[in-house]
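Asks: requesting a structural model of the entry that follows:
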Amino acid sequence: MLAALVPHLPAGLEVPDELEQAWSWMEEQGWGIDSDHGYFLTPYAGERVLGVVFGVLEEFLEHWLVPGFPVGRLVPIGTIAGDGSAVALWLDDEGTPRFVGLGSEGESYLLADSAVDFLRLVAIGYRELTDYDLGLPPGDEEPVAALGPFRAWVESTFGVVVPSEWPAVGEDEFTDWVDRASGTPPSVDLRRLPDDSPAADVVAGDARALLQHLGGPDGAAALRAVAATVGVVVPRDVTELRWAGAVLRANGLEVAVRRGVVETIFVRVASYPRPTALLDGLDPGVGAEDAVALFGAPEWRGPHGLRYVVDGRYLHLEFGAAGIERLTLMLRAP
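Replies: Residues are numbered from 1 along each chain as shown. Predicted structure coming up:
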């Protein structure tokens with residue numbers, strides 16, 4: 001695999017030793033495939049596609065990138081989904097090789113910051129490494145089982161633990177680089193906050209505390225603050241909200257991070273550990289009219305929801321037959 005890829009590497013971009021080591025191990029297992037379309041290598045046995053397929057994608061960037069895009073810091077090294085999405089090595093602004101995803105519809109996102117982390121991701125057993133799949137556990141047991149030998153090799157060779165899931169991916173510094181290189185206008189600043197609605201004088205409880213975490217950077221401080229608000233315990237080796245997905249989901253929370261900023265927090269009331277503490281004075285079993293009686297007229301109203309602006313952020317209440325079913329805390333309205 002290395003010999004096939006080297007002629008296509010841009011100057012200054014080298015295959016990390018750990019990835020070369022992994023490819024050599026795969027080839028020792030006999031998992032390389034010669035075909036009319038080139039040489040391919042998989043981290044699992046058999047010819048069925050159950051995850052990443054390494055190979056030289058000679059014309060991929062010509063179709064994926066806009067004309068004139070500087071390709072000297074980017075080289076695809078395999079496919080990561082049935083729609084042709086690819087994984088590539090990217091040389092960042094500091095000259096560090098990182099692993100990125102190139103979606104079939106033009107999506108661009110970081111997958112891993114190092115070769116060992118990328119191998120840990122591959123070893124989990126996702127069938128596809130897209131922004132639809134990551135952020136949740138693998139949804140198919142077949143690739144999880146097929147990656148078992150490779151998973152054991154990664155853990156024993158590098159002294160690491162392969163997690164049960166990978167954090168969600170989205171817009172990040174690689175996205176920024178692609179946008180700049182493509183001449184795409186910068187995105188709207190998510191931290192420009194709207195003016196409060198009258199509900200801001202009334203809303204109190206866990207929901208208001210969680211609203212304060214929107215717009216700040218993801219990291220240890222945000223993780224500790226959210227965990228303290230909700231009253232959950234996260235493993236010591238988890239240091240960012242985006243890595244705490246399983247623990248937060250078990251307590252009714254999902255956190256969306258965009259470009260390193262906490263953008264949205266979803267709260268499923270039925271799974272939240274203390275639902276009556278979410279909104280002071282408002283029992284979760286009430287209807288929309290009870291919320292309006294307490295908080296006043298909403299900034300927006302739909303058939304099953306109310307939206308207020310509190311502390312310059314959006315608080316959306318979603319109602320069902322049992323009362324308030326979900327809260328969505330947002331930096332910006334859809």
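Asks: the spatially most central residue of the chain in helix, strand or coil?
Replies: Centroid-nearest residue in the chain, with Cα atoms, centre = their mean: residue 168, separated by 1.6 Å. For residue 168, the assignment made with DSSP: H, G, I helix; E, B strand; the rest coil gives coil.
Asks: and stretch 224-236, what's buried?
Replies: Residues of stretch 224-236 classed as buried: 225-227, 229-230, 232, 234 (neighbour count, 16 or more other Cβ atoms under 10 Å). No exception for glycine: its C-beta is placed from N, CA and C like everyone else's.
Asks: for those residues, which one is nearest residue 38?
Replies: Residue 38 has its nearest neighbour among the buried residues of stretch 224-236 in residue 234, at 44.0 Å by Cβ to Cβ.
Asks: now the closest one: how far from residue 138?
Replies: 21 Å (Cβ to Cβ, to the nearest Å).
Asks: where does the stretch 1-150 of the chain dip in pLDDT?
Replies: 66, 68 (pLDDT under 70).
Asks: helices of that one, start to end?
Replies: 2-5, 17-28, 60-64, 115-124, 141-146, 148-158 (DSSP state H, counting those that start in this stretch).
Asks: of those, which approaches residue 256 most closely?
Replies: That would be helix 115-124 among these, by Cβ to Cβ, at 19.5 Å.
Asks: which helix or strand contains residue 317?
Replies: Residue 317 is part of strand 313-320 when elements are defined by DSSP states H and E.
Asks: mind listing what that strand pairs with, with the direction of each?
Replies: Partners of strand 313-320 in the sheet, by DSSP bridges, are strand 305-310 (antiparallel), strand 323-330 (antiparallel).
Asks: need the contact partners of the first one.
Replies: The set of residues external to strand 305-310 that reach it, using Cβ atoms under 8 Å, 6 or more residues apart in numbering, is 194-197, 199-200, 203, 208, 211, 288, 291-292, 295, 298-301, 314-319, 333.
Asks: out of the buried residues of stretch 224-236, which sit inside helices?
Replies: Secondary structure from DSSP state H places 225-227, 229-230 of the buried residues of stretch 224-236 in helices.
Asks: still on that earlier bit, closest one of the buried residues of stretch 224-236 to residue 17?
Replies: Here the nearest of the buried residues of stretch 224-236 to residue 17, counting by Cβ to Cβ, is residue 234; it sits at 32.5 Å.
Asks: doesn't residue 228 make contact with the closest one?
Replies: No. With contact defined as Cβ atoms under 8 Å, residue 234 does not reach residue 228; the gap is 10.6 Å.
Asks: ok, which stretches of the chain are strands?
Replies: 32-35, 38-41, 53-55, 74-79, 86-91, 97-102, 108-112, 253-258, 261-268, 300-301, 305-310, 313-320, 323-330 (DSSP state E).
Asks: what angle do the fourth one and helix 115-124 make?
Replies: Relative orientation of strand 74-79 versus helix 115-124 (axes from the mean of the first three to the mean of the last three Cα atoms, to 10 degrees): 20 degrees.
Asks: what does strand 74-79 rub up against?
Replies: By Cβ under 8 Å, 6+ apart, strand 74-79 touches 5, 8-10, 13, 15, 52-55, 57, 60-61, 85-91, 100, 102.
Asks: how far is stretch 93-100 from where the chain is centred?
Replies: The chain centre lies 18 Å from the centre of stretch 93-100; the measure is Cα atoms, centre = their mean, to the nearest Å.
Asks: on that earlier part again, okay if I get the ones in helices among the buried residues of stretch 224-236 as a markdown table plus pLDDT?
Replies: As requested, those are exported to a markdown table (pLDDT from 0 to 100):
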| residue | pLDDT |
| --- | --- |
| 225 | 93 |
| 226 | 94 |
| 227 | 94 |
| 229 | 92 |
| 230 | 92 |
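Asks: export the residues you listed to JSON lines and append columns for distance to residue 268.
Replies: What follows is these, written out as JSON lines (distance: Cβ to Cβ, whole Å):
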{"residue": "225", "distance to residue 268": "20"}
{"residue": "226", "distance to residue 268": "15"}
{"residue": "227", "distance to residue 268": "17"}
{"residue": "229", "distance to residue 268": "16"}
{"residue": "230", "distance to residue 268": "12"}
